[in-house]
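1. Have a look at this prediction, sequence included:
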Amino acid sequence: MPDTQVLVDAHHHVWDLDLRPQPWLDEPGHEPIRRTFGTDDLRTAATATLAGRRLECTVLVQCVASVDETREFLALADGDPLIGAVVGWADLTSPAIGGVLDALCAGHGGTYLRAVRHLVQGESDPDWLQQASVERGLRAVSERGLGYDLLLRSHQFPQAIRLAERLPELPLVLDHAGKPPIARHDLDDWERGVRRLATHPQVRCKVSGVVTEADHAKWTIDDIRPVWEVLLAAFGPDRLMFGSDWPVCVLAGGWNRWAATVEELLAGCSAAETEAVLAGTATTFYRLDAAERKRRTPCS
């Protein structure tokens, strides 16, 4: 059971540009986050409460296709009590995927590896998740008790739905609500995809990353509410989890503004439903251990 009044941020990133380039940051519009970010920066940024809760636990998610980055994140999690779990990366197409996952789990901080992710949104093949090598890799993920974070856009929902059908034993979580095209004011295809994917009981969804799909400078809660209402109806609160997508969310208002928006969206929910979204769903999916977090000491 999750701690009483804990707030879990189920999706955030860190990066050190002196250690590893982040080529995606070179794209126009990313200037405000084109610098190094660490967990202490998140602690400084996340000052607001959400439904009376302060941030106590996070899920650190991979940024680039690098096993070395994953190793570094696992070592960071082992020393920083803010991080409760890591979503890493490994080459799902590799015949050696099983051994790579075993080595990650056995390495420094490997007990914090809870899921893997690949940037499917960048793959041009509309059936990438159905490639034989990828499916073999995902079966290796499932066999090791790990989950899989789905990062895709609305036109890629069909392959995610087929994945859920073919591998019902693989726990899935939809990152950033499937990136609804809020700025285009055209949610119909996205909504159909969300509702179809949500019929598969092994799928969860992160209420994260949506503000960067809206107009960064002009979005209001009225732009976000239709997305929230679809997610709540499709998944129910017990399958939704709060995430900030920090520091990417800095591009569209930052951690505190997003937290205030989620608090307003939760206004009609019961205490139990609020608990699920803000802590319970993520705690269960990522097997977050409060006692272990309290045992660790912060990185020096």
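-> Thanks, I have the structure now.
2. what's the model's confidence in the host helix or strand of Glu273, averaged?
-> Using DSSP states H and E, Glu273 sits in helix 271-275. For helix 271-275, mean pLDDT rounds to 98.
3. do the same with stretch 194-204
-> 98.
4. Which elements pack onto whatever helix or strand comes next after the helix holding Glu273?
-> Note on helix 271-275: by DSSP H and E, the next helix or strand toward the C-terminus is helix 281-285. In terms of contacts (3 or more CB pairs under 8 Å, 6 or more residues apart in numbering; DSSP states H and E), helix 281-285 is packed against strand 7-12, strand 240-242. No exception for glycine: its C-beta is placed from N, CA and C like everyone else's.
5. who touches the first one?
-> Contacts to strand 7-12, defined as CB atoms under 8 Å, 6 or more residues apart in numbering, come from residues 2, 42, 46, 49-51, 53-61, 84, 175-176, 206, 208-209, 241-247, 278-279, 281-283, 285-286, 288.
6. before we move on, the earlier item: going by neighbour count, list what's buried in the helix holding Glu273.
-> For helix 271-275, burial by neighbour count (16 or more other CB atoms under 10 Å) applies to Glu273, Thr274, Glu275.
7. what ranges do the strands span in this protein?
-> Under the criterion DSSP state E, the chain contains strands at 7-12, 55-61, 83-88, 113-118, 147-150, 172-174, 203-207, 240-242.
8. Quick one: closest of the ones you listed to Asp18.
-> Counting by CB to CB, Asp18 lies closest to strand 55-61 out of these; the figure is 18.6 Å.
9. CA atoms only: put the closest one into PDB for me.
-> Extracted in PDB, the C-alpha atoms of strand 55-61 (Å, rounded to 0.1, in the frame of the first residue of the first chain):
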ATOM      1  CA  LEU A  55       6.600  15.400  -3.900                       C
ATOM      2  CA  GLU A  56       8.300  12.400  -2.200                       C
ATOM      3  CA  CYS A  57       8.900   9.800  -4.900                       C
ATOM      4  CA  THR A  58       9.600   9.800  -8.600                       C
ATOM      5  CA  VAL A  59      10.000   7.500 -11.600                       C
ATOM      6  CA  LEU A  60      13.100   8.400 -13.600                       C
ATOM      7  CA  VAL A  61      12.700   7.700 -17.300                       C
END
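10. what packs against it?
-> Going by 3+ CB pairs under 8 Å, 6+ apart, strand 55-61 lies up against strand 7-12, helix 39-45, helix 67-79, strand 83-88, helix 290-295.
11. go with 10 Å
-> Under the contact criterion of 3 or more CB pairs under 10 Å, 6 or more residues apart in numbering; DSSP states H and E, strand 55-61 touches strand 7-12, helix 39-45, helix 67-79, strand 83-88, strand 113-118, helix 281-285, helix 290-295.
12. coming back round to it: adding distance to Asp80, write the helices and strands packed on helix 281-285 out as a markdown table.
-> A markdown table is the format used below for the helices and strands packed on helix 281-285 (distance: least, CB to CB, whole Å):
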| stretch | distance to Asp80 |
| --- | --- |
| strand 7-12 | 12 |
| strand 240-242 | 20 |
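13. of those, which approaches Ala65 most closely?
-> Closest of the helices and strands packed on helix 281-285 to Ala65 is strand 7-12, at 17.8 Å (criterion: CB to CB).
14. I'd like the buried residues of helix 271-275 as TSV, with distance to Asp223 appended.
-> Formatted as TSV, those follow (distance: CB to CB, whole Å):
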residue	distance to Asp223
Glu273	23
Thr274	22
Glu275	26
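15. With respect to Ser133, which of the strands of the chain lies nearest?
-> strand 113-118 (12.0 Å).
16. Given the closest one, what are its sheet partners and their directions?
-> Paired with strand 113-118 in the same sheet, following DSSP bridges, are strand 83-88 (parallel), strand 147-150 (parallel).
17. Show me where this protein dips below the pLDDT cut-off.
-> 1-4, 290-300 (pLDDT under 70).
18. biggest helix in it, by residue count?
-> What stands out as the longest helix in the chain, according to DSSP state H, is helix 221-235.
19. ok, Ala272 - contacts?
-> Pro237, Asp238, Gly280 (CB atoms under 10 Å, 6 or more residues apart in numbering).
20. so what's the second one closest to, chain neighbours aside?
-> Read that as Asp238. Of all residues not flanking Asp238 in the chain, Ala276 sits nearest, at 4.8 Å (CB to CB, 6 or more residues apart in numbering).
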